[in-house]
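**Q** Okay, here's the prediction I keep looking at, along with the sequence it came from:
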Amino acid sequence: MKAIYKALLTLALMTAVPTSFTSCREDAPSVNQTADITIKNEFSKLVEAINNGNLKREEAIKKVTEAIDGMNKSSSEILSEILEVLGSVNNTLETKLAAIEGAINSQRLLLKEKLQLIAKAIGDHMLNQDEVVKKITQAIDKLGGTLAEKLEQIKTAINSNEKTAQEKLDLILAMINAQTINLGSKLDALKTLIETETVAISQKIDILDKAMKALQEQAKANGVANGQIQEQLKALATTVNTLLEEVRTGKAEATKAFAEILQKIQELIDKVGGSTPPTPPTPAPMEAVDLGLSVDWSSTYLGASTPEGYGDYYAWGETEPKTEYKWSNYKWAKPTDSDPNIYKLTKYSIYADWGYNGFVDHKKTLDPEDDVAHVKLGGSWRLPTEPEIKELASGCTWETKEVNGVPCLVGTSKQNGKTITLSIAGYFEGNSKMYVNEIVGFWTNQVYLDENEGDHSVALVNMSPSKPEPELGKGKRFVGVQVRAVRSK
């Protein structure tokens with residue numbers, strides 16, 4: 001990160017780095033016959049291109065996702081088209097898998113429809129058991145909407161009379177593996193399944209066995225539960241294992257044992273918070289500055305009480321400040337299986353080599369629940385976009401000066417003469433604040449799209465006191481950077 005910023009600073013001083021972004025993949029023309037494919041309604045041409053081997057796997061999945069999201073059809077009609085692709089003997093296995101993957105990535109299909117496609121793949125022996133759980137996990141993580149809306153779709157699937165106990169177990173295991181579902185919701189779903197599922201005791205034991213192991217593994221790997229909660233989860237697993245063994249050996253009555261297990265699960269749910277999201281705090285008021293631009297800008301950094309104040313520092317996509325900023329405690333990253341020192345993304349991954357186990361969700365803009373400006377301020381407040389930052393840069397004249405003893409960049413609107421003050425506060429990496437009085441930076445709400453130019457990086461504003469005209473830069477997502485909010489007019 002230090003090297004990235006230093007390079008940006010040097011370039012800004014010497015060569016005036018251009019303010020526009022380019023993307024080596026997003027803007028690159030497709031190869032072979034795919035150049036003529038329009039993704040809206042030519043799904044059959046796309047399938048033909050994949051069958052003919054004219055698209056590599058990643059590009060095929062990306063185009064299938066875009067095609068599905070661009071179809072001018074109902075979700076049931078889209079589902080029928082994909083099922084037709086899966087059922088055709090003329091399509092290759094690679095084509096069918098790309099269709100499944102693209103459907104899972106799509107924002108148009110609901111969980112029940114994605115599960116139907118996965119069930120078709122199971123029936124046709126396209127996926128093994130481990131792959132099934134991974135695909136359902138991927139489908140859950142890529143569902144649009146709020147946590148409550150996701151949980152409602154999962155609850156509906158769990159309570160469906162059309163699904164077998166194995167399908168429900170796969171769904172629970174996938175939910176446990178999901179990065180976008182909290183621990184309380186996972187426990188709540190497990191409790192619901194055990195309470196409502198009318199299967200043999202041996203099957204319930206199997207469900208609990210596998211689910212508890214998965215919960216412990218995920219809690220340990222993701223840091224979802226730590227400290228006291230980690231110990232309580234371990235104690236719950238021990239209790240469950242003891243009671244299940246007693247049921248197996250006939251030393252305990254199954255009904256009483258399961259009642260005790262459910263009570264223990266509920267106790268832990270009460271401690272960590274269940275599936276009902278807590279009531280958010282009342283957003284703090286924020287004064288807006290109208291610079292005559294397309295949006296109003298906040299008068300201070302988030303967490304600051306004065307225009308020149310530093311405020312709080314946030315990793316990109318996180319909503320709380322920290323004492324240390326590193327990959328190992330970044331919310332949307334996990335260490336790889338091959339090297340625990342290499343971290344990959346679990347959300348906002350544009351390319352497969354960025355994502356954990358190749359995870360890609362094509363999300364380029366923060367969801368509202370991950371936009372700290374929106375979370376803290378409410379209303380229409382949010383992080384700025386790249387064009388809005390360019391507009392701020394070009395719409396003001398800039399000078400470096402001290403404001404109440406704090407080195408700042410002050411912009412004066414070319415439209416109405418009003419000013420905006422930005423302290424030159426650097427950024428956090430690890431537990432160290434770096435480049436104070438040298439760099440001004442604040443996050444946008446968008447991913448930096450160039451795969452080769454620093455993976456995992458996102459857009460932010462970079463300004464040099466020696467050259468105060470703002471310019472776009474980039475930085476690793478885990479670092480702590482200030483937040484300057486905007487509000488629609």
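**A** Perfect, I can see it now.
**Q** And residue 67, its phi and psi?
**A** Reported as degrees, to the nearest 10, the phi and psi values for residue 67 are phi -60, psi -40.
**Q** And it, how far from residue 47?
**A** Distance, residue 67 to residue 47, using CB to CB, to the nearest Å: 9 Å. Every C-beta, even on glycine, is put in place using the N, C-alpha and C of the backbone.
**Q** Also residue 290?
**A** Using CB to CB, we find residue 290 at a distance of 51 Å from residue 47.
**Q** Ok, residue 164 next?
**A** Residue 164 is 30 Å from residue 47, by CB to CB.
**Q** what does residue 68 give?
**A** 12 Å.
**Q** what's the answer for residue 58, then?
**A** From residue 58 over to residue 47 the distance is 17 Å, taken as CB to CB.
**Q** Could you check which of the two has the larger neighbour count?
**A** Neighbours were counted for residue 58 and for residue 47 using other CB atoms under 10 Å; residue 47 has more, 25 against 16.
**Q** so where does the more buried one fall, helix or strand?
**A** Taking DSSP states H and E as the criterion, residue 47 maps to helix 43-51.
**Q** Quick check: buried residues in that helix?
**A** For helix 43-51, a neighbour-count test (16 or more other CB atoms under 10 Å) marks 43, 46, 47, 48, 49, 50, 51 as buried.
**Q** Which parts of the stretch 1-150 of the chain are helices?
**A** Per DSSP state H, counting those that start in this stretch, the stretch 1-150 of the chain has helices spanning 2-14, 43-51, 57-70, 75-87, 93-105, 111-123, 129-141, 147-158. These are given in chain order.
**Q** Give the ranges of residues in the stretch 1-150 of the chain that sit below the confidence cut-off.
**A** Residue ranges of the stretch 1-150 of the chain with pLDDT under 70: 1-42, 144-146.
**Q** Which residues are in contact with the residue minimising distance to the centre of the chain?
**A** In the chain, the residue lying closest to the centroid (CA atoms, centre = their mean) is residue 347, at 2.8 Å. With contact set as CB atoms under 8 Å, 6 or more residues apart in numbering, residue 347 has these partners: 141, 179, 180, 317, 332, 361, 363, 370.
**Q** Take those and keep only those in helices.
**A** Among the contacts of residue 347, the residues falling in helices (DSSP state H) are residue 141.
**Q** Pull the most distant pair out of the contacts of residue 347.
**A** Greatest spatial distance among the contacts of residue 347 (CB to CB): 141 and 317, at 14.0 Å.
**Q** Could you report the neighbour count for residue 271?
**A** Residue 271: 16 surrounding residues under other CB under 10 Å.
**Q** Quick check: it vs residue 51, distance?
**A** Distance of residue 271 to residue 51, given as CB to CB: 53 Å.
**Q** Residue 201 too?
**A** Distance from residue 201 to residue 51, by CB to CB: 48 Å.
**Q** Equivalent analysis for residue 67, please.
**A** As for residue 67, its distance to residue 51 is 15 Å (criterion: CB to CB).
**Q** do residue 352 as well
**A** Distance from residue 352 to residue 51, by CB to CB: 21 Å.
**Q** how many other residues sit next to residue 187?
**A** Using other CB under 10 Å, residue 187 is surrounded by 26 other residues.
**Q** Spit out the contact partners of residue 358.
**A** The neighbourhood of residue 358, defined by CB under 8 Å, 6+ apart, consists of residue 352.
**Q** Check the burial of residue 303 by counting its neighbours.
**A** Neighbourhood size, residue 303 [other CB under 10 Å]: 17.
**Q** quick check, it in a helix?
**A** No. Applying DSSP: H, G, I helix; E, B strand; the rest coil, one finds residue 303 to be coil, outside a helix.
**Q** before we move on, the earlier item: minimum distance to residue 295: which of the helices of the stretch 1-150 of the chain has it?
**A** Closest among these, using CB to CB: helix 2-14, at 24.6 Å.
**Q** quick one: strands adjacent to the longest strand along the chain?
**A** With DSSP state E setting the assignment, residue counts place strand 467-476 as the longest strand in the chain. Strands adjacent to strand 467-476 in the sheet, as given by DSSP bridges, are strand 457-464 (antiparallel).
**Q** Low-confidence bits of the stretch 151-300 of the chain, can you list those?
**A** Within the stretch 151-300 of the chain, the segments meeting pLDDT under 70 span 219-230, 273-284.
**Q** those strands in it, which residues are they?
**A** In the stretch 151-300 of the chain, the segments counted as strands under DSSP state E, counting those that start in this stretch are 288-289, 295-298.
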